[in-house]
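Asks: What follows is a predicted protein model with its sequence.
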Amino acid sequence: MGENNLVINEEFITLKLQVSDWKDALTKMSQHLTNEKIVKESFGQAIVDREMIYPTGLQSATIGVAIPHTDSEHVNVQAIYVATLEKPVSFTHMGTDDMDVFVEIIFMLAIKDPNAQLTLLQKLMDILQKEEVLEGIKNSKTKSEVLTLLNQELL
């Protein structure tokens, strides 16, 4: 498998993740990626730091989403980690410093190749226009349901 292939599998899908706030969400998700050697130890702090400066919350028509990511130097293997949250938590809206988004789905990106990151972000932006896909992810009862939706949209 080439290093630019993207890992999307059930190992990196969490349904109804319980978190207290956005930082807790990013920390828990980063820790899982670190434990699986997808990212380096530095990733968790780097992604929190970057979120504070460049927030990634986005409001679709009905669902708040966040797309946290950080520099490729913290990444070993390209992957995307998707979590639905048990209760929405507040993220700051992308491009603002004071607008809140109540996020229910987090797409955490671990990307090595900047071009791949751009492509993936564009595909995720397309998903944000598709309420039925977001609703499908949010309401999925199993990881395999989420995986099927992601594979249809991202691969």
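Replies: Thanks, I have it.

Asks: Could you check how far the residue nearest to residue 46 when sequence neighbours are not counted is from residue 135?
Replies: Excluding the flanking residues, the one nearest residue 46 by Cβ to Cβ, 6 or more residues apart in numbering is residue 70, at 4.3 Å. Yep, even glycine has a C-beta here, placed from its N, CA and C like the rest. Distance, residue 70 to residue 135, using Cβ to Cβ, to the nearest Å: 28 Å.

Asks: go on, residue 56?
Replies: Distance from residue 56 to residue 135, counting by Cβ to Cβ: 20 Å.

Asks: for residue 85, same thing?
Replies: Where residue 135 is concerned, residue 85 sits at a distance of 15 Å (Cβ to Cβ).

Asks: Then residue 126?
Replies: 15 Å.

Asks: Please, where are all the strands along the chain?
Replies: Remark: strands assigned in the chain by DSSP state E are 13-17, 57-59, 64-66, 79-92, 100-110.

Asks: Need the winner for burial among those strands.
Replies: Comparing these by mean neighbour count (mean count of other Cβ atoms under 10 Å), strand 64-66 ranks first with a mean of 24.

Asks: what's the burial count for the nearest residue to residue 54 once chain neighbours are set aside?
Replies: Once flanking residues are discounted, residue 54 sits nearest to residue 94: 7.7 Å by Cβ to Cβ, 6+ apart. Other residues near residue 94 number 16, with proximity taken as other Cβ atoms under 10 Å.
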